[in-house]
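Trainee: Quick one, structure for this:
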Amino acid sequence: MFEEDVAELKSVAACYKPHEIIAAPSPFVQVPPLVPPLRFALVEEGIFRGAYPALPSLRFLSNLRLRTLVSLLPEAPADHITNWCESNGVSCHVEIVPAFKDEVMLTHERAAEILQLLITPDAQPLYVHCLDGRTVTGTIIMCLRKLQRWSLPSTIADFSRFCRTAQAPRPPAPHVLAFVESFKPELELARLLPSSRLPLWLAMALRLPTAARQELHGDLSEARLDAPPAVPVPTAFSLERACEPSRRGENSSGWEMAAEKVQKLVAAPAVDPHSRGESLLKALALEGLTMKPGARSLRPRQKRGLAGASAVDG
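Mentor: Numbers count the residues shown, from 1 in each chain. You can find the predicted model right below:
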């Protein structure tokens, strides 16, 4: 018996080759990368924005646990988007909106209906998009920011983040700015506002009394991703009263006055930020060429030390 064991050990040792490395199977499984849509961003808790979702971006959107997909497109979305919505239980809401060229191809009533869908807690989390994720989506988000009582400079800065050029962020076009300026959320959304609940972030912007208490003692678990927190709307709540100028902290013409200033800045020709520096350098160079001997320079004179002063006095 002992001899048989020794023979087996020798056979195993003969098969062992230390110069050969046997690669063990990897415990990790390669998965496709997560590719977010172009200009993807979080608007508020439960609302995401971006461009038209391509096929590689659908896996990324699946991890957001969406309930609603809001498409603002010139035509119906492609089949891969509708099939993905059906297989993932996502409600696809399509609004046919032509591209903006010289005018906003929306009415205030349609913009209010889209906003009413965005702020409905039962529809969140949701993803709103247009073709490029800039102008059409940005116009709707600007109307939402006005409902949140944002100031006009902050609203324009938020819009310009997604409309950057090679040099700097691009402000909204004058016709887009005029559309948002004339949009009155307290009038357009008064009949469309959800009567039972509002998202917590909107309730805090409108200063509902129960919003601050719920935010202080809110749930921070993973269940908040599936159902963003909402606040019940009091029976005596009035959107028009919540958006009064006295409650906003500015006069009634604050948006109009700020809009006029922005339109003047947009219409003004762009100024090269280096032009002043170049003109100063040219002036200094011209002074150096034309300065006569003994003339005073633009450079301030240095103070002489005590030793130099005593030597001169002596």
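
Trainee: what pLDDT, on average, does stretch 105-118 get?
Mentor: Average pLDDT, stretch 105-118: 92.

Trainee: For that stretch, list every residue counted as buried.
Mentor: Taking 16 or more other CB atoms under 10 Å as the neighbour-count basis, stretch 105-118 is seen to contain the buried residues 106, 108, 111, 112, 114, 115, 116, 117, 118. Bear in mind the C-beta positions are built from the backbone N, C-alpha and C, glycine included.

Trainee: do stretch 89-96 as well
Mentor: Under the neighbour-count criterion of 16+ other CB under 10 Å, stretch 89-96 has 90, 93, 95 buried.

Trainee: would you turn those into TSV with secondary structure, distance to residue 162 and pLDDT?
Mentor: Formatted as TSV, the buried residues of stretch 89-96 follow (DSSP: H, G, I helix; E, B strand; the rest coil; distance: CB to CB, whole Å; pLDDT from 0 to 100):
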residue	secondary structure	distance to residue 162	pLDDT
90	coil	23	94
93	strand	21	95
95	strand	19	94
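
Trainee: Out of those residues, which is nearest to residue 123?
Mentor: Lowest distance from residue 123 to the buried residues of stretch 89-96 (CB to CB) belongs to residue 93, with 8.2 Å.

Trainee: Spatially, what comes nearest to that closest one if we skip its sequence neighbours?
Mentor: Closest residue to residue 93 in three dimensions, ignoring its sequence neighbours and counting by CB to CB, 6 or more residues apart in numbering: residue 70, at 5.0 Å.

Trainee: shouldn't the one you found be in contact with residue 116?
Mentor: No - counting by CB atoms under 8 Å, residue 70 stays clear of residue 116, with 11.3 Å between them.

Trainee: just to revisit the earlier point, can you tell me the element the residue nearest to residue 93 falls in?
Mentor: Residue 70 belongs to strand 68-73 when elements are defined using DSSP states H and E.

Trainee: just checking, what packs against that strand?
Mentor: Strand 68-73 sits against helix 79-88, strand 91-96, helix 108-118, strand 126-129, helix 135-147, with contacts defined as 3 or more CB pairs under 8 Å, 6 or more residues apart in numbering; DSSP states H and E.

Trainee: Need the ones you listed in CSV (columns: distance to residue 227).
Mentor: Listed next are the helices and strands packed on strand 68-73 as CSV, based on distance: least, CB to CB, whole Å:
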stretch, distance to residue 227
helix 79-88, 17
strand 91-96, 15
helix 108-118, 16
strand 126-129, 12
helix 135-147, 20
